[in-house]
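1. sharing a model prediction with you, sequence too.
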Amino acid sequence: MPNSRPILAPTGPAPYRRTDPSRSFQDALLREAEAQQGVAVTAYELVAAHARTHAPEAAAIEFEETPASDRIQAL
């Protein structure tokens, strides 16, 4: 007598197709670092634009971070 139950495929990936959990973690860390770098670049651009509005004659804008303070100053 034939069996009426369907044959189910395995629910998880085959052993040769499993992903390494540490690789996923490293990929997430890389994406986070790229996002933080993008935020920092945007912040520098905003500070530079603000400094240019107050000192349009400035030839260059340098950024400095002091060890005693978390603030970044535009010179």
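-> Nice, I can see it. What you see is a predicted model; the values in this text were computed from it and never measured.

2. can you get me a residue count around residue 57?
-> For residue 57, the count of nearby residues is 5 (other C-beta atoms under 10 Å). The C-beta positions use only the backbone N, C-alpha and C, and glycine is treated the same way.

3. so it: helix, strand or coil?
-> What DSSP: H, G, I helix; E, B strand; the rest coil gives for residue 57 is coil.

4. what's the per-residue pLDDT of it here?
-> Residue 57 carries a pLDDT value of 82.

5. show me the contacts for it.
-> Listed by C-beta atoms under 8 Å, 6 or more residues apart in numbering, the contact set of residue 57 is empty.

6. phi, psi for it please.
-> The phi/psi pair for residue 57 (degrees, to the nearest 10) reads phi -80, psi -10.

7. residue 51 versus that one, what's the distance?
-> Going from residue 57 to residue 51 by C-beta to C-beta, to the nearest Å gives 11 Å.
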